[in-house]
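Visitor: the amino acid sequence is not available; the structure is as follows:
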């Protein structure tokens with residue numbers, strides 16, 4: 001055991017970046033806009049399909065107005081092929097890409113389900129592990145978890 005003490009002591013002296021490299025994870029970078037590091041997974045990109053652009057725009061505007069999302073991109077003319085009630089279906093849809101806080105995904109899902117015309121609305125979310133720190137900070141700020149200190153473009 002005493003032979004391990006010098007090794008442990010040297011490990012404690014290693015800079016944080018070296019420890020991060022040894023563990024295989026990159027060191028956190030402070031956000032220029034906030035002075036704090038982005039927490040991986042605290043922002044999510046949620047995806048919702050809609051039958052047309054009118055429905056997608058209505059839902060997009062509502063989730064931004066309610067601060068359930070910072071930004072929604074509408075991707076028109078996607079083709080979805082799926083099985084529904086025992087039949088293979090093919091439909092043209094609009095895909096919504098919604099940027100929000102991960103903690104807001106349940107509320108976002110509930111809202112989308114309450115206004116969406118589909119019997120079973122697609123709402124799936126993926127955590128954002130990395131990205132442009134000022135943008136990720138802006139997403140959190142607009143959706144209410146960070147005090148306002150300026151704005152960033154979507």
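Guide: Looks like it arrived, so ask away. The model shown is predicted, which means the values in this text are computed figures rather than measured ones.
Visitor: kindly state the beta-bridge partners for the residue nearest the centre of the chain.
Guide: Most central in the chain under Cα atoms, centre = their mean is residue 44, positioned 1.3 Å from the mean C-alpha point. Residue 44 has these beta-bridge partners by DSSP bridges: residue 100, residue 127.
Visitor: wait, what's in contact with it?
Guide: 99-102, 105, 125-128 (Cβ atoms under 8 Å, 6 or more residues apart in numbering). Any C-beta I mention is one placed from the backbone N, CA and C, and that applies to glycine too.
Visitor: for ChimeraX, write the select line for the buried members of those.
Guide: Buried members of the contacts of residue 44, defined by 16 or more other Cβ atoms under 10 Å, are picked up in ChimeraX with:
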select :99,100,101,102,105,125,128
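Visitor: my read is that residue 89 contacts residue 81, right?
Guide: Yes: taking contacts as Cβ atoms under 8 Å, residue 89 lies within contact range of residue 81: 7.1 Å.
Visitor: residue for residue, what is the longest helix this protein has?
Guide: helix 53-65 (DSSP state H).
Visitor: so how far is it off the chain centroid?
Guide: 18 Å (Cα atoms, centre = their mean, to the nearest Å).
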